[in-house]
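Q: 3D model of this:
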Amino acid sequence: RSSRGSVVINFGPDVTEKFLQDNDLSLCIRSHQVPKTMDGYELLHNGRLLTIFSASHYAGRFSNSGGVAVLQRSGSQSSEPSLSMR
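A: Residues are numbered from 1 along each chain as shown. From the prediction side, this is the model:
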């Protein structure tokens, strides 16, 4: 359980990996949580879970930066997208 309340459930890399495998995905992008890095994004779970948060200085209470993820194919032969975070 989470310190944020009873409706929030924390999960680990095993849950992320199972979700990605079950849905034939290579990356999960989520939001709605200020990353611990305060940089606007945080890459977790062996690089398979990206938390992106676009609101800088959230609610006037945090000194976080906002983040944006840009996905693009790296080439016609590649099935994996490249990821750039700003």
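Q: direction included, what does the strand or helix carrying L50 pair up with?
A: For L50, the element it lies in under DSSP states H and E is strand 49-52. Looking at strand 49-52 with DSSP bridges, its partner strands are strand 28-30 (parallel), strand 41-44 (antiparallel).
Q: immediately after it, which helix or strand?
A: Toward the C-terminus from strand 49-52 - assigned by DSSP H and E - lies strand 69-73.
Q: re the thing from before, which residues sit against the strand holding L50?
A: When contacts are taken as CB atoms under 8 Å, 6 or more residues apart in numbering, the neighbours of strand 49-52 outside the stretch itself are 13, 16, 27-31, 33, 35, 40-44, 67-69, 83, 85. From N, CA and C alone the C-beta is placed, and that goes for glycine too.
Q: now those: which count as buried?
A: Among the contacts of strand 49-52, those buried by neighbour count (16 or more other CB atoms under 10 Å) are T16, L27, C28, P35, G40, Y41, E42, L43, L44, G67, A69, L83.
Q: which residues does the third one contact?
A: Read that as C28. By CB under 8 Å, 6+ apart, the contact list for C28 reads T16, F19, L20, R48, L49, L50.
Q: among these, name the buried ones.
A: The neighbour-count test (16+ other CB under 10 Å) marks T16, L20, R48, L49, L50 as buried among the contacts of C28.
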